[in-house]
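Asker: whatever this is, show me its structure:
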Amino acid sequence: MRMQYNRIKSVLEEKEISQKKLSDLMGVSVVTINSWCNQKSQPSIRTLFDISKILKTTPDKLINNKIG
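Answerer: Numbering: from 1, shown residues only. Have a look, this model is predicted:
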């Protein structure tokens with residue numbers, strides 16, 4: 001099982017926002033969003049703040065604090 005470092009996918013689902021919509025709002029490819037959602041890569045801290053503003057949440061809600 002892959003470790004979940006971020007909760008971007010979960011928050012997108014909770015807010016009923018598609019990966020495509022987030023990619024359009026951020027000006028990045030849907031492939032980038034998908035790789036974050038599937039834990040293949042992680043966004044920078046700055047990007048987490050940007051995502052949190054777009055999703056009207058806080059950066060800590062985007063980070064899995066239950067690691068380990």
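Asker: switch to C-alpha atoms for all contacts and neighbour counts from now on
Answerer: Fine.
Asker: surely N6 and S52 touch.
Answerer: No: using Cα atoms under 8 Å, N6 is not in contact with S52, being 12.0 Å away.
Asker: okay, the two: which has more neighbours?
Answerer: N6 (24 against 18; other Cα atoms under 10 Å).
Asker: can you give me phi and psi for that one?
Answerer: Per-residue torsions, N6: phi -130, psi 160 (degrees, to the nearest 10).
Asker: go on, the one 3 residues further on?
Answerer: Torsion angles at K9 (phi, psi; degrees, to the nearest 10) stand at phi -60, psi -50.
Asker: from I54, how far off is the nearest residue to it once chain neighbours are set aside?
Answerer: In space, K9 comes closest to C37 once its chain neighbours are excluded; the distance is 4.7 Å by Cα to Cα, 6 or more residues apart in numbering. Using Cα to Cα, to the nearest Å, we find C37 at a distance of 16 Å from I54.
Asker: that older thread, any common contacting residues for N6 and S52?
Answerer: L62 (Cα atoms under 8 Å, 6 or more residues apart in numbering).
Asker: in this structure, where is pLDDT below threshold?
Answerer: For the chain, applying pLDDT under 70 flags the ranges 1-2, 65-68.
Asker: which residue ranges form the helices in it?
Answerer: According to DSSP state H, the chain carries its helices in the segments 8-14, 19-26, 30-37, 45-54.
Asker: look up how far V31 lies from K61.
Answerer: 22 Å.
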